[in-house]
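1. Sequence below, structure please.
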Amino acid sequence: MSDARTPAQIEADIVRRRDQLAEMLDEIGVRVHPKTVIGDARAKFVSSVDHTAGRAVVAVNRTVSEVKAQFVSEDGAPRLARLVPVALVAVGLVGLLAFSVRRRRG
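-> So this is what the prediction gives:
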């Protein structure tokens with residue numbers, strides 16, 4: 001029987017396994033510590049917010065580019081056929097707002 005272990009080998013295995021178990025218990029203790037749990041949750045939340053904010057920025061940039069393309073040609077020249085009506089509507093709205101405010105006060 002060549003599989004027979006000596007008492008010293010058995011004791012060394014026990015010490016090694018005890019050390020491994022102590023290391024695992026320490027790691028579990030760190031993982032379930034409230035500060036670790038809160039820190040992990042905070043990191044996940046920040047990552048989620050960063051991801052959502054990044055997507056929002058991309059969406060806003062895309063929308064701005066699309067709107068800009070409606071009023072400016074590819075060579076950068078303003079599209080007067082679209083800008084003039086929008087400007088007239090804006091001036092009309094500001095005029096109505098000013099008239100409304102003046103009427104309320106007077």
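2. for stretch 28-38, how far is the first residue from the last?
-> With CA to CA, to the nearest Å as the measure, stretch 28-38 spans 15 Å from end to end.
3. Tell me the buried residues in the longest helix anywhere in the chain?
-> Counting residues, the longest helix found in the chain (DSSP state H) is helix 34-71. When burial is assessed from 16 or more other CB atoms under 10 Å, helix 34-71 yields no buried residues. Glycine gets a C-beta too; all of them are placed from N, C-alpha and C.
4. what angle do the following helix or strand past it and helix 34-71 make?
-> For helix 34-71, the succeeding helix or strand toward the C-terminus, using DSSP states H and E, is helix 80-105. Helix 80-105 and helix 34-71 are oriented at 110 degrees to each other (axes from the mean of the first three to the mean of the last three CA atoms, to 10 degrees).
5. which strands and helices sit next to helix 80-105?
-> helix 34-71 (3 or more CB pairs under 8 Å, 6 or more residues apart in numbering; DSSP states H and E).
6. related to what we said a few turns ago, what helices and strands are in contact with the longest helix of the chain?
-> Checking 3+ CB pairs under 8 Å, 6+ apart, helix 34-71 ends up next to helix 80-105.
7. again, only this time at 10 Å
-> Packing partners of helix 34-71 (3 or more CB pairs under 10 Å, 6 or more residues apart in numbering; DSSP states H and E): helix 7-32, helix 80-105.
8. Adding distance to residue 64, mean pLDDT and mean neighbour count, write those out as CSV.
-> Listed next are those as CSV, based on distance: least, CB to CB, whole Å; pLDDT from 0 to 100; neighbours: other CB atoms under 10 Å:
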stretch, distance to residue 64, mean pLDDT, mean neighbour count
helix 7-32, 44, 95, 10
helix 80-105, 15, 91, 10
